[in-house]
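In: sequence first, predicted model second:
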Amino acid sequence: MRWTGRQQAAADAVLALVLLAFGLLATGLAGDNQPGSRPVDAACRVLIAVAALALLARRRAPVATLAVVTVATSTYLVLGYPYGPILLTFLIAVYTVAARLPVRPAALATGAAFVLMLTHVFWSRGPAPGWAGVLPASAWAVVPFAMGVVVRVNREAAARSRAEQVRDRAEQARRQADEERLRIAQEVHDVVGHGLAAISMQAEIALHLLPKRPEQAETALTAISRTSREALDELRVTLGAVRRGAERGPVPGLARLPALRDRLAGAGLAVELRVIGEPRELPAAVDLAAYRVVQEALTNVLRHAGVGSAEVTVDHRADALTVEVADRGAGASGDWLDDADDGTAGHGLAGMRERVDALGGRLVLGPRPGGGFRVHAWLPVEPSA
């Protein structure tokens, strides 16, 4: 828990007053048990009060506080007053210096205070313990100094840990934002690329038919209108998700393959769709990836293969889903692989591979036996219970 400055000052005031009251009350009792010590008098009480009240400034000025406490305590002991609660103020002052300052200046300040405290060991109006008193006296400096250093090191380690956590959260947020931008780029490319490819093919058909059979050109123009409207609707949904900063609603999936097939038929590409196995509900990510792979592969057939037909096979297996798109066109000798070779993530075949790899699947691209090109994607799916 992090205390405010006012709370820290209040805590120090309570500590100083408690030590002052305890020192004034307990020192007399300590004197009764230490024959030969000087009786408690007004000077003794003043020294106890000075040492205790100096702790009020221990956080703002730890070295000055230690100096005042050391002088008051040393004077108290040299005058021969009994060992008592005043030593607690010295212990707290040493601890504060060690806990709030770097090790080197804290050690120098504590060392100087310890040397001054040793005065009473060799010279005092009361019984002087001599060399036998050095070790007990050193404990009053060494023990609180070690405790303070440990607390300071732990506090700094905790601060570094919090800073690292903040950096980790920022880095994670940045990665998530990058991944989301990449996902949106893939979606926009797939939507716009497919729509524009279909529109381009339909426009060429319309231009070809317009001089000779204008009545048939109307069909191609109608298909252009429908395809552009559908592409714009899907693009609007995708970009709306970006503006909201949330996941969009229902995403395209394999259930839309018949609509995709019909749309491409209007563009002059006949698609034969085969479904193997019993269709079942798929994870949204797998369903979307499979649809986008088929969509991108068919778009490339429309653009580059130079044929009027393609085959799509969807195989529902126990632990996986496979989709395959094949044609008998120009294959890899044409422009089929242009998008995959440009090194731009989220475009063409490279975008397909990223989608499949992200789900732990495999994507196989290559010539088809007997001519043409084949795209085969294997996507893992948890077996149904």
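Out: It's in. Numbers count the residues shown, from 1 in each chain.
In: looks to me like Val325 is in a helix.
Out: No. Val325 is assigned strand when assessed by DSSP: H, G, I helix; E, B strand; the rest coil, not a helix.
In: how many other residues sit next to it?
Out: The burial count assigned to Val325 is 22, neighbours taken as other CB atoms under 10 Å. Quick note: C-beta positions are derived from backbone N, CA and C, even for glycine.
In: not counting sequence-adjacent ones, nearest residue to it?
Out: In space, and not counting its chain neighbours, Val325 is closest to Ala297: 3.7 Å by CB to CB, 6 or more residues apart in numbering.
In: what about that neighbour, distance to Val323?
Out: Using CB to CB, to the nearest Å, Ala297 is found at 8 Å from Val323.
In: these two: which is more packed in?
Out: Set Ala297 next to Val323 and count neighbours by other CB under 10 Å: Ala297 wins out with 26 against 22.
In: helix or strand: which one has that one?
Out: Assigning secondary structure by DSSP states H and E places Ala297 in helix 284-300.
In: what's next to the following helix or strand past that helix, contact-wise?
Out: Counting by DSSP H and E, the next helix or strand C-terminal to helix 284-300 is strand 309-316. If you take CB atoms under 8 Å, 6 or more residues apart in numbering as the criterion, strand 309-316 is touched by 254, 257, 261, 269-280, 290, 294, 298, 301, 321-328.
In: picking that back up, and the angle from the helix holding Ala297 to strand 309-316?
Out: 170 degrees (axes from the mean of the first three to the mean of the last three CA atoms, to 10 degrees).
In: assign a three-state SS to Gly329, would you?
Out: Taking three-state DSSP, the label given to Gly329 is coil.
In: so how far is Gly370 from it?
Out: Applying CB to CB to Gly329 and Gly370 gives a distance of 12 Å.
In: ok, the two, which is more surrounded?
Out: Using other CB under 10 Å, the more surrounded residue of Gly329 and Gly370 is Gly329, with 21 against 7.
In: would you confirm that Pro252 contacts Ala290?
Out: No. Using CB atoms under 8 Å as the test, Pro252 is too far from Ala290 to be in contact (9.8 Å).
In: who's more crowded, the two?
Out: Neighbour count, other CB under 10 Å: between Pro252 and Ala290, Ala290 has more, with 26 against 20.
In: okay, which residue is most central for the protein?
Out: In the chain, the centroid-proximal residue (CA atoms, centre = their mean) is Arg169; its distance is 2.3 Å.
In: distance check, Thr27 against Ile92.
Out: From Thr27 to Ile92 the distance is 17 Å (CB to CB).
In: before we move on, what about Val134?
Out: Distance from Val134 to Ile92, by CB to CB: 22 Å.
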